[in-house]
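S.K.: Below are the sequence and a predicted model; questions follow.
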Amino acid sequence: MAEQSVTSAVTLASLPHSQPMYVDEGRCLSLYEAVPVMLHSIDTQGPLVHVSDAWLAALGYERSEVLGKNWTAFLTQEHQQKSADVEISELFRRGHCSDIEYRVHRKDGSIIDVALSAVVTKDTKGFPFSLTVIQDISERKQIQNELIAQRERLRVTLASIGDGVITTDQRGIVEYLNPVAERLTGWSTEAARGSESAKIFRIFDEGSDREQQNTVDSCLAEDRIVCSYEQVVRPVLRDKKGIEHCVEECAAPIVDATGNSVGVVLVFRDVSEQRRLSREIKYRATHDSLTGIYNRTEFDHLLEEALTSATIDESTHALLYIDLDQFKVVNDIGGHAAGDRLLKQVVGIIRGVVRKNDVFARLGGDEFGLILEGCSLRSAQKVAQKICAELDSFRFQYGTHYLHVGASIGLVLIDKNWTTTASLLQAADHACYAAKKEGRNRVHSYLVNDGVIEARRDDTCWIKCLERAFDNGRFVLYWQNIRPLAARGKGIHGEILLRMLDQDEMLISPGAFISVAERFQLVSRIDRWVVRTVFAWMTDHRDELHHVESLAVNLSGMSVGDRDFHVFIKKMIKTHDFDHRKICFEITETIAISNISDALCFVDSMRGYGIKFAWDDFGSGVLSFGYLKRLPFDFVKIDGQFIRSLCLDPIDQATVK
């Protein structure tokens, strides 16, 4: 309708009256323009014929700037064609449209989002035009775009993280799986959606293989966060194809703004590799790397458990301490590679004798421990004898050589009478030593007051005493004069004698501990202490020793045969300033004969410093006179067995003469 037709009437087709309602056109136009909403009207060609004041205010135009202009001119370029196709063509063909969204340019250049609804009516002349309501939805669109962006970020995040994520509703029905969850469960989101979570996420106990309560159900029932690390079980996820994955899982309620639970989010990760590494680390910590059986640490732990059960339940077990015989021969001939191969074969032989539940461990180089659970002494002896028999018949092949390797076994019954595992192992070690001393390749059962074992225990006590003597300075030296039977000589001769102080400050003669020191390779340490002490004393008193002709110092065979000891003596000579010609080293005949080449080397090197040598215990061996020609000794000390009855025994007299 034209603006100049003020007195004409208009029919409002949208009003629900059965008969047309005619109103004053001018009044209607004023009302149209003043209504506080965005309104406009267009004709069939698209020009604007009416706009409301709210429309002008929202877009920033004057009425004169917009009337007669095509509505599409105010739209962004992307929406101009849409407006022409939908609002103009379709609107006038269908008679109405609703909730069509456009982007509109304001006069200041900014853009707003609007939603448009319209109906087609006619003016008094019967020409169609639109009655269009427009709503500014910029804020709503901004919120929608932010929500879409957030949802996209969430989707990308869930798709990118390395953990599996499953979401459910408040009944535990699956709604979403991220790609990791799809891969681990074998279910796609489309296939899983609408299913119960227990069907998609099936958890079993790694140890018992029993199916566990679904974590989502636990979370819903308890309305709290539920995690697998709170449980004793080690969860295993079994996927759609039955493939298992070790997992860690945690389910948490999804709570809305009002605090009500609307679902559950389940997060889980594949820890199969971590558990494999954990098992491997634990295995390496408890097993011997060469043989694959338990190591010493784990054996001690299991022995403690066996002793505890024997104490509480009064059950009996047996402890076997196994030491291979002639193992060093294999190492010497074939090297360590052959020795390692032998150990593996020996382990295989012993495993074939014992039960699977018996504890078998490698305690040292060629030493093994065996705990026979719930075994009597008689049965344990049979097992030990069978091990000896199997190893005795075994021949280790190295190249063309076939080597025999046996075993000495110490057996101790584990019962409530023992208080510590240390005492058990010590008793088994003593019993094994007794088996070796009795001839090797045999079993020796521990018995209280066993003579051989008591001797071994005494040796152990002496070793402890010697170590304390080294640490606490319990060794002392004495001077013993050597006087001629005939006329007194020009100088003084003496011999250094070693003694050890016990806890009561009583002197202990070397006869009580030297043999133990020799067996356990401690005698060379004693020799070094003696030489160091004597040389220091000679240096401190060199001005007072001009009357001393010689001072004898005894040396062991281990020191004479030790090239490092030779270097040690030379160092002592260079660092201690006194007349070294006063020193005389005493070496026993048995030492000289058993180490003839080392003895000659040592004697020759020391004589270059003016040091003398004496042959101690001469005559105790059958080859004394033969070696007397080869060894350049300065003195011969005849063995005491020829001297004690010298006045009465003509044979001793002839021998000494």
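M.R.: Yes, it's here. The structure displayed is predicted, hence computed values, not measured ones.
S.K.: mind listing the strands for the stretch 301-450 of the chain?
M.R.: All strands of the stretch 301-450 of the chain, identified by DSSP state E, counting those that start in this stretch, fall at 317-324, 359-362, 367-372, 395-398, 401-404, 407-414, 443-445.
S.K.: Output the contacting helices and strands for the first one.
M.R.: With contacts defined as 3 or more C-beta pairs under 8 Å, 6 or more residues apart in numbering; DSSP states H and E, the secondary structure elements packing on strand 317-324 are helix 296-312, strand 367-372, helix 377-393, strand 407-414, helix 421-437. The C-beta positions use only the backbone N, C-alpha and C, and glycine is treated the same way.
S.K.: can you pull the buried residues of the last one?
M.R.: For helix 421-437, the buried set under the neighbour-count rule, 16 or more other C-beta atoms under 10 Å, comprises 421, 424-436.
S.K.: Give me the below-cutoff pLDDT ranges for this protein.
M.R.: Applying pLDDT under 70 to the chain picks out residues 1-26, 84-87, 157, 159-160, 230, 232, 448-459, 487-489, 589-595, 620-631.
S.K.: in it, which residue is closest to the centre?
M.R.: In the chain, the residue lying closest to the centroid (C-alpha atoms, centre = their mean) is residue 281, at 4.7 Å.
S.K.: Which helix or strand contains that one?
M.R.: helix 272-286 (DSSP states H and E).
S.K.: just to revisit the earlier point, and among the helices and strands packed on strand 317-324, the most buried is which?
M.R.: Here the criterion is mean neighbour count by mean count of other C-beta atoms under 10 Å, and of those the winner is strand 407-414, at a mean of 26.
S.K.: could I have it exported to CSV, CA atoms only?
M.R.: Presented in CSV, the C-alpha positions along strand 407-414 are these (Å, rounded to 0.1, in the frame of the first residue of the first chain):
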residue,chain,number,x,y,z
ALA,A,407,78.5,-82.3,44.3
SER,A,408,79.0,-82.1,48.1
ILE,A,409,75.7,-81.5,49.9
GLY,A,410,75.0,-80.3,53.4
LEU,A,411,71.6,-81.1,54.7
VAL,A,412,69.8,-79.5,57.6
LEU,A,413,66.2,-80.1,58.8
ILE,A,414,64.2,-76.9,59.2
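S.K.: what's the angle from it to strand 317-324?
M.R.: If you take axes from the mean of the first three to the mean of the last three C-alpha atoms, to 10 degrees, strand 407-414 sits at 160 degrees to strand 317-324.
S.K.: I'd like to know how far residue 506 sits from residue 476.
M.R.: Counting by C-beta to C-beta, to the nearest Å, the gap between residue 506 and residue 476 amounts to 12 Å.
S.K.: got it, and residue 154?
M.R.: 86 Å.
S.K.: and these two? which has more neighbours close in?
M.R.: Shown here are residue 154 and residue 476; by other C-beta atoms under 10 Å, residue 476 has more neighbours (13 against 10).
S.K.: who's the more buried one bridged to?
M.R.: Under DSSP bridges, the beta-bridge partners of residue 476 are residue 499.
S.K.: How about the contacts made by it?
M.R.: For residue 476, the contact set (C-beta atoms under 8 Å, 6 or more residues apart in numbering) comprises 498-501, 507.
S.K.: List only those of these flagged as buried.
M.R.: Buried members of the contacts of residue 476, scored by 16+ other C-beta under 10 Å, are 498, 500.
S.K.: so how far is residue 201 from the nearest residue to residue 240 once chain neighbours are set aside?
M.R.: Once flanking residues are discounted, residue 240 sits nearest to residue 186: 3.1 Å by C-beta to C-beta, 6 or more residues apart in numbering. Using C-beta to C-beta, residue 186 is found at 11 Å from residue 201.
S.K.: The nearest residue to residue 302 once chain neighbours are set aside bridge partners, please.
M.R.: Nearest residue to residue 302, sequence neighbours excluded (C-beta to C-beta, 6+ apart): residue 359, at 4.8 Å. Judged by DSSP bridges, the bridge partners of residue 359 are residue 371.
S.K.: Mark out where each domain of this protein begins and ends.
M.R.: Taking automatic domain parsing as the reference, the chain has its domains at 9-139, 161-276, 291-448, 464-656.
S.K.: Remind me what the helix ranked longest in the chain packs against, helices and strands.
M.R.: In the chain, assigned by DSSP state H, the helix with the most residues is helix 327-351. For helix 327-351, the packing partners by 3+ C-beta pairs under 8 Å, 6+ apart come out as strand 359-362, strand 367-372, helix 377-393, strand 395-398, strand 401-404.
S.K.: Could you double-check that the residue nearest to residue 240 sits in contact with residue 242?
M.R.: No - the criterion here is C-beta atoms under 8 Å, and residue 186 misses it with residue 242 at 9.0 Å.
S.K.: more neighbours, the two?
M.R.: Shown here are residue 186 and residue 242; by other C-beta under 10 Å, residue 186 has more neighbours (16 against 8).
S.K.: which ones are touching the more buried one?
M.R.: Going by C-beta under 8 Å, 6+ apart, residue 186 touches 239-241, 243.
S.K.: can you check residue 565 too?
M.R.: For residue 565, the contact set (C-beta under 8 Å, 6+ apart) comprises 524, 527-528, 559.
S.K.: Now neighbour count, secondary structure and distance to residue 637 too, for those, in TSV please.
M.R.: Listed next are those as TSV, based on neighbours: other C-beta atoms under 10 Å; DSSP: H, G, I helix; E, B strand; the rest coil; distance: C-beta to C-beta, whole Å:
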residue	neighbour count	secondary structure	distance to residue 637
524	21	helix	22
527	23	helix	18
528	17	helix	23
559	26	helix	18
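S.K.: Show me which pair in those is furthest apart.
M.R.: 528 and 559 (7.7 Å; C-beta to C-beta).
S.K.: Now residue 252. Nearest residue, chain neighbours left out?
M.R.: Distances taken as C-beta to C-beta, 6+ apart put residue 225 closest to residue 252, at 4.6 Å, once the chain neighbours are dropped.
S.K.: wait, doesn't that neighbour sit right on residue 215?
M.R.: No - the criterion here is C-beta under 8 Å, and residue 225 misses it with residue 215 at 10.1 Å.
S.K.: These two: who's more crowded?
M.R.: Comparing residue 225 with residue 215 by other C-beta under 10 Å, the one with more neighbours is residue 215, at 24 against 12.
S.K.: Could you export the helices and strands packed on strand 317-324 as TSV, including distance to residue 205?
M.R.: TSV is the format used below for the helices and strands packed on strand 317-324 (distance: least, C-beta to C-beta, whole Å):
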stretch	distance to residue 205
helix 296-312	24
strand 367-372	29
helix 377-393	36
strand 407-414	34
helix 421-437	33
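S.K.: Please name whichever of those is nearest to residue 31.
M.R.: Ranking the helices and strands packed on strand 317-324 by proximity to residue 31 (C-beta to C-beta) places helix 296-312 first, at 96.7 Å.
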